[in-house]
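Engineer: I would like to see how this sequence folds:
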Amino acid sequence: MDDQNKNLIIATALSFVVILVWFVLFPPPEPQTPIDGTTASETAPAEGSIATPSADVPATAATPASTSSEPTALETTPRVQIETARVSGSISLLGGRIDELSLNDYKTSLEADASIVEILFPANAGNGQYALHGWAAAAGVDAAAVPGPNTVWSLAEGDVLTAETPITLSWDNGAGLRFVKEIAIDDEFMFTITQSAENTADSAVSMAPYAVLARHGEPTDLKNFFILHEGVVAMTDGEYSEIDWDELPEFDYNQRAGARTQEQDITENGWIGFTDHYWMSVLIPTQGSSFKSVAKYDERRDIYQTEAVSAVQTVAAGQTITNTTQFFAGAKEWDVLRAYEDAGVYNFIDAIDWGWFAFLTKPIFWLLHQLNLLIGNMGVAIIGLTLLIKAALLPLAFKSYVSMAKMKELQPKMEKLKEEAGDDRQKMQQGMMALYKKEKVNPAAGCLPILLQIPIFFSLYKVIFVTIELRHAPFVGPFQDLSAPDPTSIFNFYGLLPWGTPEAGSIMALIFIGILPLLLGISMWLQQKLNPAPTDPTQQMIFAWMPWVFMFMLGSFASGLVVYWIANNTITFTQQYLIMRSQGYKPDLLGNIKGSFGKKPKAEPKK
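Structural biologist: Residues are numbered from 1 along each chain as shown. As a prediction, the model looks like this:
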């Protein structure tokens with residue numbers, strides 16, 4: 001490999017390191033589509049006509065203004081249990097709020113006694129997150145005439161909400177309006193809320209159906225990692241937007257809303273809500289009908305809130321109006337989200353944070369997911385994915401390694417050119433270019449596979465980090481979570497010594513690396529030994545340190561990504577060795593390895 005080729009590889013590797021450091025120190029701003037919410041009109045939500053109620057912690061049952069330890073209305077109001085194969089929880093008849101939900105298939109950790117993941121909590125739990133569905137009074141209508149967040153509903157039908165048995169809630173305002181709310185749930189994570197309002201009075205009444213998702217305070221378990229979005233997420237007519245938790249309090253104060261809000265145009269397809277690393281809660285109005293979305297932050301009560309407000313409807317005397325809204329609360333599983341999208345939820349698969357390289361991330365994950373379904377082991381599926389990627393790049397790799405083999409054959413001629421040119425670098429460069437042209441060799445061809453690996457690496461890193469299918473996905477032995485760093489460590493000699501490993505993310509964990517990072521460094525080092533060490537001392541030092549620098553740099557990455565890189569290095573080594581052999585050049589692997597351990601001869605003193 002000539003000096004130009006080596007310089008290009010060094011520049012590529014250093015660029016890769018610079019890109020990683022740059023993205024950590026200066027994460028790119030996420031594209032934001034404004035999100036707002038105001039109100040609705042007869043044909044579409046109209047500015048200023050509806051004031052949606054704000055979520056709040058219910059006051060005590062005895063004295064609304066009391067701050068004593070008396071039971072709150074939320075604690076004393078009856079609840080309806082939710083029981084399906086995948087979720088469990090309850091609905092409070094106070095506001096008909098869906099505010100307790102656990103995911104039966106997921107635990108907080110791999111420990112045997114780990115608790116089940118909870119994603120919805122009552123308002124008085126401190127970290128409350130819950131959904132409210134109701135009607136907002138239009139202009140000229142008394143707000144007390146419609147049910148609010150603290151209205152106590154009656155259970156009209158059903159005892160337990162299951163996938164087979166919905167429940168029905170009812171409330172009569174005593175002035176001619178009767179409201180009914182039917183709540184159903186499927187066998188996955190989707191609630192369907194059908195609301196109706198019957199007018200038995202003498203005059204028409206106008207109101208707008210709304211859905212509210214409230215969060216009390218910022219989550220305490222944020223990852224705060226630059227490639228992961230946590231906070232508000234929305235899809236509005238093809239425009240995907242994200243707002244981080246710490247960005248909402250920076251919005252301009254909206255006097256009418258009484259909070260800091262972001263505005264959004266009227267839309268007909270989409271959804272809005274909150275997303276965590278693996279879990280999501282979003283409001284989904286009827287697709288194809290006009291609604292306006294809202295993201296707001298109430299500083300006084302430290303409540304984050306998203307809303308979906310549908311068009312104002314007028315219920316004439318003796319008539320009934322209805323509205324149907326869906327509410328998703330669960331895990332961001334590929335198959336589940338895709339099924340809901342196929343059923344009509346607009347672009348729902350984009351709720352997974354695919355990142356800038358979505359054109360690569362989506363197909364890579366699809367292929368990995370299919371391999372996992374076929375093989376039944378995610379680690380083996382990653383190795384299989386690596387084989388398929390290398391097979392797809394084989395034609396390019398073949399040309400690259402053939403070019404590298406020819407470069408080896410030209411080495412004597414290149415050395416002769418250097419001797420003839422002496423210190424005249426321009427003459428040497430011209431002679432080398434002429435030699436490349438004559439022999440039809442491209443010195444940069446050997447770097448093309450490396451350059452193509454960079455976006456694939458980033459895309460696979462994104463897939464492994466954000467998709468729930470990699471969470472707690474086992475491989476072999478101690479590697480039972482491919483989304484987490486290697487759990488083994490030299491610190492306890494990989495479990496042979498009677499003490500634990502350093503805490504993940506600590507400096508000790510970075511230094512005392514595990515088995516997978518070690519294998520990564522060795523595989524890079526062996527791949528390097530297919531070629532003799534460069535003659536230039538600076539290049540020689542850089543190449544000598546590069547495998548071990550990458551070993552420590554990637555040691556704290558997800559195990560699945562390190563498995564991919566080890567497999568990639570192993571396949572690349574095999575491809576390069578066989579292709580170069582087929583071109584008549586036999587890499588002196590053993591000699592190069594011995595040379596790296598041998599003593600360098602001392603230079604003779606100048607006379």
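
Engineer: Pro249 - how many residues pack around it?
Structural biologist: 14 (other Cβ atoms under 10 Å). For the C-beta atoms, the positions are set from N, CA and C on the backbone; glycine is no exception.

Engineer: swap in Lys181?
Structural biologist: The number of residues packed near Lys181 is 21, by other Cβ under 10 Å.

Engineer: separation between it and Val80?
Structural biologist: Separation of Lys181 from Val80 (Cβ to Cβ, to the nearest Å): 11 Å.

Engineer: same question, Gln430
Structural biologist: Distance, Gln430 to Val80, using Cβ to Cβ: 84 Å.

Engineer: So for these two, which sits in the more crowded spot?
Structural biologist: Val80 (20 against 13).

Engineer: May I have the beta-bridge partners of the more buried one?
Structural biologist: Beta-bridge pairing for Val80 (DSSP bridges): Ile91.

Engineer: just checking, it touches Gly89?
Structural biologist: No. Using Cβ atoms under 8 Å, Val80 is not in contact with Gly89, being 9.9 Å away.

Engineer: show me what contacts the spatially closest residue to Gly140 that is not a sequence neighbour?
Structural biologist: Using Cβ to Cβ, 6 or more residues apart in numbering and skipping residues adjacent in sequence, the residue nearest Gly140 is Ser206, 7.7 Å away. Applying Cβ atoms under 8 Å, 6 or more residues apart in numbering to Ser206 gives the contacts 138-141, 312-315.

Engineer: Cross those residues against strands and list the overlap.
Structural biologist: When DSSP state E is applied, the contacts of Ser206 are split such that 313-315 fall in strands.

Engineer: Neighbour-wise, which one of those residues leads?
Structural biologist: Neighbour tally across the ones in strands among the contacts of Ser206 (other Cβ under 10 Å): the maximum, 20 neighbours, falls on Val315.

Engineer: so what's that residue up against?
Structural biologist: 177, 197-199, 204-207, 321.

Engineer: Name the member of those with the shortest distance to Ser289.
Structural biologist: Closest approach between the contacts of Val315 and Ser289, by Cβ to Cβ: Ile321, at 13.0 Å.

Engineer: On the three-state scheme, that closest one is what?
Structural biologist: Under DSSP: H, G, I helix; E, B strand; the rest coil, Ile321 falls in the strand class.

Engineer: per-residue pLDDT, it?
Structural biologist: pLDDT for Ile321: 95.

Engineer: burial measure for it, as a count.
Structural biologist: Using other Cβ under 10 Å, Ile321 has 18 neighbouring residues.

Engineer: ok, it touching Ala197?
Structural biologist: Yes. Using Cβ under 8 Å, Ile321 makes contact with Ala197 at a distance of 5.4 Å.

Engineer: Check which helices and strands the strand or helix carrying Tyr130 sits against.
Structural biologist: Assessed by DSSP states H and E, Tyr130 sits inside strand 129-137. Counting contacts by 3 or more Cβ pairs under 8 Å, 6 or more residues apart in numbering; DSSP states H and E, strand 129-137 is packed against strand 97-107, strand 116-120, strand 190-199, strand 205-216, strand 279-285, strand 320-331.

Engineer: Check which element follows the last one along the chain.
Structural biologist: If I follow you right, that is strand 320-331. Past strand 320-331, the next helix or strand by DSSP H and E is helix 334-342.

Engineer: what's whatever helix or strand comes next after that following helix packed up against?
Structural biologist: Next helix or strand after helix 334-342 toward the C-terminus (DSSP H and E): helix 358-375. For helix 358-375, the elements it packs on are helix 334-342, helix 378-392, helix 448-466, judged by 3+ Cβ pairs under 8 Å, 6+ apart.
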